[in-house]
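Asker: Kindly generate the corresponding structure for this input.
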Amino acid sequence: MTAQASDADRRVLVRPEWLEATVAGVFTALGFDSADATEIATALVEADLRGVSSHGVMLVPMYVERLNAGGVTRERELDILFDAGAAMVVDARGGMGQLSSPQAMRHAIERAGRYGIGIVSVRNAHHFGAASRWAMQAGQAGRIGIAMSNTTPLMPAPGGAERLVGNNPLAIAVPTTAGVEIVLDMALSAVALGKIRLAASAGRPIPDTWATDSSGTPTTDPDEAVLGMLLPAAGHKGFGLALMIDVLTGVLSGGGWGDQVRPLYREPDRPNDCAHLFLAIDPELMGGVEDFKRRSSGLAARVRGSATAPGVNRLYLPGEIEAERAAQQRRNGVRIERSGLDGLLATARAVGAVVPSRMV
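Answerer: So this is what the prediction gives:
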C-alpha cells in the first residue's frame, strides 16, 4: 500500500492500525493509561473508517488543547447521582466522552436485561464523537440502542436570527439476524459543523443550504459559516427535534442546555458541559429477541428489495453505506483529509508522542 493524495479531495491513504496507534500515542503522552488511550483512538478512527471524518482524528488537536487548558478533565469513572433501577443519572465529571459513553451504555444494557429498558442520563459531559458508536454498542449486545447529545447552540428558531439550539445528534441501532444492520446516525442541522470545518481546512466552498453568515444570509464560504449559524434539517421539523433532544439530555439530567453548553473550539479552559442520553431496549423481555431479529431482518430485506427509481441500481439501509465503507477501508487503508493528518502529526510532536514509522 502506498500513500496517495487526490488533488480533488486532498486526502491521503494510511493504514488504520497506524492511525489508531498514533492517536493512542498522543493520549498516552498526555497521561492516559494505555487502555483508555486505545479506547479514545479506536472511537475516533472508527468514525474515519465509516466516512464520518468530522468526528474522527481531526478532533485530536482540539481535544488536546482542551485537555491542556483544563476544559476537559482526565476523569474516567462515572459518579452515580440517581439510581431508580431502569433509570440512572450520572455525572461524567467533565471527562472525555469516549470514556464516559461506553460506561453509560453498559449500564443501560445491563438495566435493559433486568427491566426491559435501561435509560442513563449523563451530565457534566464532553463531546462523545459519533453517536452511532454508542447506539451500536447496545445493538451488538442484542438490544435496540439509542444515543443522543446536545451541543452548544448553532441553529436559530425558524425565522430567528440567534443561535438557540445545537445540531444535536441522534443515533438508533437495530440488531437483526445478520448483526447490527440498521443504524441511523444524524445531526439535526443540514450538516454537522465538523463538515464545515473540514471544508474550511481544505479550502473548499460549501453548498448555500448548509449555513448562514453572522447576519443570517446563506453562504458558500465555510469560514463565514463557522462564524454564522447552521441551518436545521427540514426547517421547523429539524429545529423542533433538536429542541426535544435538548430536553431529553440537558434539561432531564440537570445538566447544561441551550447556551449553558460551551463551544468546543472557543474557551478551551471552560467545561463543554454537554449532556447525553443512552437508552437500551431488550426485545427478550418484550416478546423474545430472536423473533425480533427475524422481524427486523424482514424489514431490512423489504427495504433492500423495494422498487428503485430510474437510474438507481441499489437501495441502502440507514448505516449500510458506512458499514461497507468501514469494512473496505479496514482492509485497504483509510482516507483522511491531509489537513487532518497534518494536524494530528503536529499535535503528536507537540506532546512528545511516539509516532509509528510505517504509515502506509
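Asker: Pull the residues that contact the helix or strand where R330 lies.
Answerer: Assigned by DSSP states H and E, R330 belongs to helix 320-332. Here helix 320-332 makes contact (C-beta atoms under 8 Å, 6 or more residues apart in numbering) with 1, 16, 46, 48-52, 132, 181, 183, 185, 335. Backbone N, C-alpha and C define where each C-beta goes, glycine included.
Asker: which of these has the weakest pLDDT?
Answerer: Ranked by pLDDT, these bottom out at M1, which scores 41.
Asker: circling back to that earlier point, which strands or helices does whatever helix or strand comes next after the helix holding R330 pack on?
Answerer: Remark: after helix 320-332, the chain's next helix or strand is strand 334-337, criterion DSSP H and E. Using 3 or more C-beta pairs under 8 Å, 6 or more residues apart in numbering; DSSP states H and E, the elements in contact with strand 334-337 are strand 11-14, helix 16-29, helix 34-49, helix 193-202.
Asker: Next, the contact list for D221, please.
Answerer: The contact partners of D221, by C-beta under 8 Å, 6+ apart, come to 205-206, 213.
Asker: Tell me the pLDDT of A157.
Answerer: Looking at A157, its pLDDT stands at 88.
Asker: Let me know the helix or strand that it is in.
Answerer: Counting by DSSP H and E, A157 is part of no helix or strand.
Asker: show me the contacts for the nearest residue to it once chain neighbours are set aside.
Answerer: Nearest residue to A157 in three dimensions, chain neighbours excluded: L164, at 5.3 Å (C-beta to C-beta, 6 or more residues apart in numbering). Residues in contact with L164 (C-beta under 8 Å, 6+ apart) are 153, 155-157, 258.
Asker: in the stretch 1-150 of the chain, which spans are helices?
Answerer: 16-29, 34-49, 60-69, 97-115, 131-140 (DSSP state H, counting those that start in this stretch).
Asker: quick one, which of the ones you listed is packed in tightest?
Answerer: When neighbours are counted by mean count of other C-beta atoms under 10 Å, the highest per-stretch mean among those falls to helix 131-140, a mean of 26.
Asker: between that one and helix 34-49, how many degrees?
Answerer: Angle, helix 131-140 to helix 34-49, by axes from the mean of the first three to the mean of the last three C-alpha atoms, to 10 degrees: 110 degrees.
Asker: In TSV: the helices of the stretch 1-150 of the chain, plus distance to Y316.
Answerer: As requested, the helices of the stretch 1-150 of the chain are exported to TSV (distance: least, C-beta to C-beta, whole Å):
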stretch	distance to Y316
helix 16-29	23
helix 34-49	17
helix 60-69	30
helix 97-115	25
helix 131-140	15
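Asker: give the contact list for the nearest residue to V72 once chain neighbours are set aside.
Answerer: Nearest non-adjacent residue to V72, counting by C-beta to C-beta, 6+ apart: R66, 4.4 Å away. R66 is in contact with 72, 126, 264, 268, 272, counting by C-beta under 8 Å, 6+ apart.
Asker: Quick one: the contacts of helix 320-332 as JSON lines, columns for distance to G97 too.
Answerer: Shown next, in JSON lines, are those (distance: C-beta to C-beta, whole Å):
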{"residue": "M1", "distance to G97": "32"}
{"residue": "P16", "distance to G97": "21"}
{"residue": "E46", "distance to G97": "14"}
{"residue": "D48", "distance to G97": "17"}
{"residue": "L49", "distance to G97": "19"}
{"residue": "R50", "distance to G97": "17"}
{"residue": "G51", "distance to G97": "20"}
{"residue": "V52", "distance to G97": "15"}
{"residue": "S132", "distance to G97": "14"}
{"residue": "E181", "distance to G97": "26"}
{"residue": "V183", "distance to G97": "19"}
{"residue": "D185", "distance to G97": "15"}
{"residue": "R335", "distance to G97": "25"}
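Asker: before we move on, back to that, per-residue confidence for the residue nearest to A157?
Answerer: With respect to pLDDT, L164 scores 95.
Asker: State the distance from it to A192.
Answerer: Distance, L164 to A192, by C-beta to C-beta, to the nearest Å: 18 Å.
Asker: got it, and P232?
Answerer: P232 is 12 Å from A192, by C-beta to C-beta.
Asker: Identify the contacts common to these two.
Answerer: Common neighbours of P232 and A192 (C-beta under 8 Å, 6+ apart) are N167.
Asker: Looking at these two, which one has more neighbours?
Answerer: Taking neighbours as other C-beta atoms under 10 Å, P232 and A192 compare with P232 leading, 25 against 22.
Asker: Verify the contact between that one and L188 for me.
Answerer: Yes - at 6.1 Å, P232 counts as touching L188 under the criterion of C-beta atoms under 8 Å.
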